[in-house]
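Chemist: Okay, here's the prediction I keep looking at, along with the sequence it came from:
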2 protein chains.
Amino acid sequence: MSKPRPLSGFPEFLPAQRSVEREVVETLARTFELHGFSGIETRAVEPMDQLLRKGDTSKEVYVLKRLQDTEAGKDAGMGLHFDLTVPFARYVLENAGKLEFPFRRYQIQKVWRGERPQEGRFREFMQADIDIVGQGELPFHHDVEVTRVMLEALSKLTFLPGFRLQVNNRKLLQGFYAGLGLDDVDEAMRLVDKLDKLPVEKVREMLLAEAGLTADQADKVLGLADICTPDDSFVEQVRALGVTHELLDEGLAELAQLVRECQDLVTDTVRIEADLKIARGLDYYTGTVFETRLDGYESLGSICSGGRYDALASDGKNTYPGVGISLGVSRVLVPLLNKGVLVADRSVPSAVLVALVDESSRASATAVATALRANGVPCEVAATASKFGKQIRYAERRGIPFVWFTQDDGTHQVKDIRSGDQVTATPDAWTPPAEDLRPQVVTNTASKENK
Amino acid sequence: MSKPRPLSGFPEFLPAQRSVEREVVETLARTFELHGFSGIETRAVEPMDQLLRKGDTSKEVYVLKRLQDTEAGKDAGMGLHFDLTVPFARYVLENAGKLEFPFRRYQIQKVWRGERPQEGRFREFMQADIDIVGQGELPFHHDVEVTRVMLEALSKLTFLPGFRLQVNNRKLLQGFYAGLGLDDVDEAMRLVDKLDKLPVEKVREMLLAEAGLTADQADKVLGLADICTPDDSFVEQVRALGVTHELLDEGLAELAQLVRECQDLVTDTVRIEADLKIARGLDYYTGTVFETRLDGYESLGSICSGGRYDALASDGKNTYPGVGISLGVSRVLVPLLNKGVLVADRSVPSAVLVALVDESSRASATAVATALRANGVPCEVAATASKFGKQIRYAERRGIPFVWFTQDDGTHQVKDIRSGDQVTATPDAWTPPAEDLRPQVVTNTASKENK
């Protein structure tokens, strides 16, 4: 077999890169669990009729077919999920009688989309979703809760660049547009959503030509979109535009509460702002909406998005409102890992290499390793009893920080091969410094600049 | 949307069940890492020509097709992986220049097979694989190593029934058959492999009729298959059959070493035995072979299998020998979870419910929760400020063991709702007993008997 080549759009990691991803996933899961979110996984496949409920994504679905399917079309009804929201909505309906509401769940899984691979877009990628779902009703304080949980989770990923969480509220937009007397609120929202990609003058033209706004209406719509504050001072700026509507009041109150009640989580690197141009395009949000930019990687687009649905799911008897947010784990990590900005300081979990004098001492070396592992120290025994210098280089190549030597008299020495320091130790008592127990994620800004 | 129904062959878990699976996965990963195994994940898809290299599994592959693929057949070359060995072999070849050998990896992922669902067989299921791969050569002590790692991992899953790891060696079988003068060693091995499903008399008939053995040869082949010892005493029993061959000697020595060097890991529930009828059918093993039976669930077949390959992969320049073992996580857990034999003692990660006097005290309740989380205590704030009795029942239904009350005077009380004990506490100092921090897996033997 000749050397296989990577498949475009299906990123894979080397061991040291995967250990960064694992650290991210574990940190997220731990944070979500601290907040009472239950972890679930759903199957990778859904019936096609479920996947195609939102017509505009149909082209992205991978359909499954059994290779030797003699009963034609028998499995044709299944495809790979393209997000974690559709399967979660189905899971809630399927298990509604067995779940307790409000139901908090997190879900960290791969999803698949058959689209053309490009920067930040993959055919297989990992998402981390949190949602809170109610049965019949879901008070607004849960919007604050999911925001706080995701802010806290992001702030624990200290090795990543900073984040800017941008929040808005559909009620605010819809109320403002209605108060302005616009005929087609959705069309205006769709055009405002283009402000990220198009110059403001172009969007203004489209508002006039396509959505039929007057010049004054267009100015106010763009004036609203221009408001962006790190606190609740946006309320005053919106009021200054002179538009009034009951729904606008509701949206302003919700968004102001959200921004206020997250202030204690703001740091230098993790910020929140009310950004009134965020609309989340065609998605079916009905209140709070989220997007997130990664500092220095704005071209990736939003790396963490979501919002409030009045009906995540409905089975005729009950409606299940939800609020959630989805972090694009691969979208963040793949560019940072590929550019070498993030890397782990070793390619193996081992903190210690137990050196071998000769092959006949493998049993006693294994006993040393067993004693170290009993204290939670990951380690491995040298693969061959080569010269000590060669064994040390074996450790160096893998980034293993310590090498363990057993002397002829049965005493032990452990050497930190980074500093050269060597001390006497006993296998059942010695442990490395806490920071050496697991591979550490290191950020390499030099690589970032060079590539 | 009407209530969705489960898809046959695609098991999914409720939150309390998933927390058992997560505990298993984390325990396995932690153990593998203690032994220096690097965790990797490979993409879900492989080129079809890779998946079809073993002709006999072709019917099980799910082929991918983009729904609106206008360029017919453009993606037709991809399918979902049906095990973790084929993708791992490809990963090793693709990244050989960037990996350090011997390369130890673990991989815990879902795999897919389009076969008919039945007991212990699924269309989507999780496997946990460990392998050690060398470049050019891989000494036998690594066979001992993977065996020890898997035995240790299984022994840490204390809530599972006992395991019996059955080991054999292909060299032993081939050498014995060659020493007996059999013409078609593979055919004999294939028939002996049926001893699990067919009565010994039937296999004897087939050895005579299909493989052309003499009565004496058949007796010796079946005599060998009948040998099963928990230690290296099998060597003597094989010698007593009077067959000699160089390859037999090699196989006997390897298997005896393996069984001897694992004796210190044997417990009441995790055992190892040299079982000379294990042949692993058509798989391409060349030395050590493994199967594993779960006590009381023998009808599941082998739940953990593997062995030694002389060539896991080869790229013309280098050959990569490997030894590995694969645990069928879903095969073990799905029946135990579905029968209620295993369950977690709560459906949420929360150890504490912070009760709410009224909605206006939500901010101070959130501050209590934040303090508890800072000490690693998973908790949630009550969803509504209902009567305390109702809030306690909310905790009970989820299995949350503690409810936290803040008094009018600002002091705090925490109540263990299982015992009714209530004590004064402070949010930044109190932690629950260690066993209450995370959901615990409990075994329910009553359910096992009732169902």
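Modeler: Thanks, I have it. Residues are numbered from 1 along each chain as shown, chains lettered A, B, ... in the order given.
Chemist: Enumerate every residue touching the residue in the stretch 351-451 of chain A that chain B sits nearest to.
Modeler: The nearest approach of the stretch 351-451 of chain A to chain B comes at residue A:380, 3.4 Å away (Cβ to the nearest Cβ). Glycine gets a C-beta too; all of them are placed from N, C-alpha and C. For residue A:380, the contact set (Cβ atoms under 8 Å, 6 or more residues apart in numbering or on different chains) comprises A:348, A:350, A:352-354, A:369, A:400, B:35-36, B:104.
Chemist: rerun that using 7 Å as the cut-off
Modeler: A:350, A:353, B:35-36 (Cβ atoms under 7 Å, 6 or more residues apart in numbering or on different chains).
Chemist: Can you tell me the SS state at it?
Modeler: Following DSSP: H, G, I helix; E, B strand; the rest coil, the label given to residue A:380 is strand.
Chemist: quick one: the helices in the stretch 201-350 of chain A?
Modeler: Counting by DSSP state H, counting those that start in this stretch, one finds helices in the stretch 201-350 of chain A at the ranges A:215-225, A:234-239, A:246-260, A:329-338.
Chemist: Nearest to chain B, out of those helices?
Modeler: Counting by Cβ to the nearest Cβ, chain B lies closest to helix A:246-260 out of those; the figure is 10.2 Å.
Chemist: Distance from the chain centre to that closest one, please.
Modeler: 27 Å (Cα atoms, centre = their mean, to the nearest Å).
Chemist: Just give me the neighbour total for residue A:379.
Modeler: Neighbours of residue A:379 under the rule other Cβ atoms under 10 Å in any protein chain shown: 26.
Chemist: That one pairs with what?
Modeler: residue A:352 (DSSP bridges).
Chemist: isn't it right up against residue A:351?
Modeler: Yes: using Cβ atoms under 7 Å, residue A:379 is in contact with residue A:351, at 6.3 Å.
Chemist: Low-confidence stretches in chain A?
Modeler: Along chain A, the parts satisfying pLDDT under 70 run over A:1, A:54-59, A:68-76, A:282-283, A:446-451.
Chemist: Name the residue closest to the centre of it, please.
Modeler: With distances taken as Cα atoms, centre = their mean, residue A:327 lies nearest the centre of chain A, 2.7 Å away.
Chemist: Contact partners for that residue?
Modeler: By Cβ under 7 Å, 6+ apart, the residues touching residue A:327 are A:127-128, A:303-304.
Chemist: with those residues in mind, which one is nearest to residue A:414?
Modeler: Using Cβ to Cβ, residue A:128 is the member of these that lies nearest residue A:414, at 38.1 Å.
Chemist: The closest one reaches residue A:105, doesn't it?
Modeler: No: here residue A:128 lies out of contact with residue A:105, judged by Cβ under 7 Å, at a distance of 11.6 Å.
Chemist: still on that earlier bit, please, a ChimeraX command that selects the buried ones among the contacts of residue A:380?
Modeler: To isolate the buried members of those in ChimeraX, using 16 or more other Cβ atoms under 10 Å in any protein chain shown:
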select /A:350,353 /B:35,36
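Chemist: Now do the nearest residue to residue A:383 once chain neighbours are set aside against residue B:379, distance only.
Modeler: Take residue A:383 and drop its neighbours on the chain: the residue closest to it by Cβ to Cβ, 6 or more residues apart in numbering or on different chains is residue B:102, 5.1 Å away. Relative to residue B:379, residue B:102 is positioned 45 Å away (Cβ to Cβ, to the nearest Å).
Chemist: quick check, nearest of the contacts of residue A:327 to residue B:268?
Modeler: residue A:128 (40.5 Å).
Chemist: Just list whatever residues bridge to the closest one.
Modeler: Applying DSSP bridges to residue A:128, the residues it is bridged with are residue A:108, residue A:327.
Chemist: what sits against it?
Modeler: Contacts of residue A:128 by Cβ under 7 Å, 6+ apart are A:28, A:106, A:108, A:327, A:329.
Chemist: what two of these are the furthest from one another?
Modeler: Across the contacts of residue A:128, no pair lies farther apart than A:106 and A:329, at 12.1 Å, counting by Cβ to Cβ.
Chemist: Around chain B, which positions in the stretch 351-451 of chain A sit nearby?
Modeler: Proximity of the stretch 351-451 of chain A to chain B (Cβ under 7 Å from any Cβ of the partner chain) is limited to residues A:362, A:373, A:378-380, A:383, A:397-398.
Chemist: Apply 6 Å and report the result again.
Modeler: Counting by Cβ under 6 Å from any Cβ of the partner chain, the stretch 351-451 of chain A comes close to chain B at A:373, A:378, A:380, A:383, A:397-398.
Chemist: Buried ones among the residues you listed?
Modeler: Buried by 16+ other Cβ under 10 Å: A:373, A:378, A:380, A:383, A:398, out of those.
Chemist: Was I right to think the second one contacts residue A:350?
Modeler: Right, the one you point to is residue A:378. Yes: counting by Cβ atoms under 6 Å, residue A:378 touches residue A:350, with 5.2 Å between them.
Chemist: burial measure for residue A:376, as a count.
Modeler: By other Cβ under 10 Å, 12 other residues sit near residue A:376.
Chemist: Can I take it that it is in a strand?
Modeler: No: the assignment for residue A:376, made by three-state DSSP, is coil rather than a strand.
Chemist: What separation is there between it and residue A:430?
Modeler: Separation of residue A:376 from residue A:430 (Cβ to Cβ) stands at 12 Å.
Chemist: still on that earlier bit, out of the helices of the stretch 201-350 of chain A, indicate the one that is most buried.
Modeler: A comparison of the helices of the stretch 201-350 of chain A by mean neighbour count, using mean count of other Cβ atoms under 10 Å in any protein chain shown, puts helix A:329-338 on top with a mean of 22.
Chemist: Run through the neighbouring helices and strands of that one.
Modeler: Contact partners of helix A:329-338 among helices and strands, from 3 or more Cβ pairs under 6 Å, 6 or more residues apart in numbering or on different chains; DSSP states H and E: strand A:124-133.
Chemist: which of the residues in the helix or strand following the strand it packs on are buried?
Modeler: For strand A:124-133, the following helix or strand on the C-terminal side (DSSP states H and E) is helix A:141-156. By neighbour count on 16+ other Cβ under 10 Å, the buried set for helix A:141-156 is A:141-155.
Chemist: Buried residues, the helix of greatest length in chain A. List them.
Modeler: Ranked by residue count and defined by DSSP state H, the top helix of chain A is helix A:15-34. Of the residues in helix A:15-34, A:15-24, A:27-29, A:31-34 count as buried by neighbour count, 16+ other Cβ under 10 Å.
Chemist: Please apply the same query to stretch A:399-418.
Modeler: The neighbour-count criterion (16+ other Cβ under 10 Å) identifies A:399-406, A:412, A:414-415, A:417 as the buried residues of stretch A:399-418.
Chemist: Counting neighbours, what do you get for residue A:98?
Modeler: 10.
Chemist: Distance check, it against chain B.
Modeler: Applying Cβ to the nearest Cβ, to the nearest Å, the value for residue A:98 to chain B is 6 Å.
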